[in-house]
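Asks: just coords:
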């Protein structure tokens, strides 16, 4: 149950962050805003690490396969694409499309067992759920 609430908080924070980042971009430019976002995230993460774990920071480099270290670089492009989508579509439409893209991508990763994820069987109910979510976007966007 705690995972459910954490996921809800995560979704809310992503939406709020996207709106904030879009406003910062208007004052500074997209890459300056993205750099600021990533830098402040680094500071918060280092502060949290110092007050909680204090383990060996360099252990992150022991991860296998090494391409898993690209998460931070992907994060920079996530920041960019969220800002651009919110700028062009508005927060509600952008977030709906982002969530659907996340859901479909995550399900494909599970189905194919990509990136060291345990392979899961196809389930019609999940496909129907994604279809309903897509229909929800169409209804929401309908004028």
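Replies: Arrived safely. Just so it is clear, the model here is predicted, and its values are computed rather than measured.
Asks: the longest helix in the chain is where?
Replies: helix 2-28 (DSSP state H).
Asks: in that one, what's buried?
Replies: Neighbour counts using 16 or more other C-beta atoms under 10 Å place 14, 15, 18, 19, 21, 22, 24, 25 of helix 2-28 among the buried residues. Any C-beta I mention is one placed from the backbone N, CA and C, and that applies to glycine too.
Asks: In contact with the nearest residue to the last one once chain neighbours are set aside, which residues are there?
Replies: With sequence-adjacent residues excluded and distances taken as C-beta to C-beta, 6 or more residues apart in numbering, residue 25 is closest to residue 33, at 4.3 Å. Going by C-beta atoms under 8 Å, 6 or more residues apart in numbering, residue 33 touches 21, 24, 25, 27, 79, 83.
Asks: so where do the helices sit in the protein?
Replies: With helices called from DSSP H, the chain shows them at 2-28, 30-51, 71-89, 91-112, 124-141.
Asks: Format those as TSV; extra columns: mean pLDDT and distance to residue 118.
Replies: Putting the helices of the chain into TSV (pLDDT from 0 to 100; distance: least, C-beta to C-beta, whole Å) gives the following:
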stretch	mean pLDDT	distance to residue 118
helix 2-28	90	17
helix 30-51	93	27
helix 71-89	91	19
helix 91-112	90	8
helix 124-141	87	15
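Asks: returning to that earlier point: what's the spacing between the residue nearest to residue 25 and residue 126?
Replies: To residue 126, residue 33 is 36 Å away according to C-beta to C-beta, to the nearest Å.
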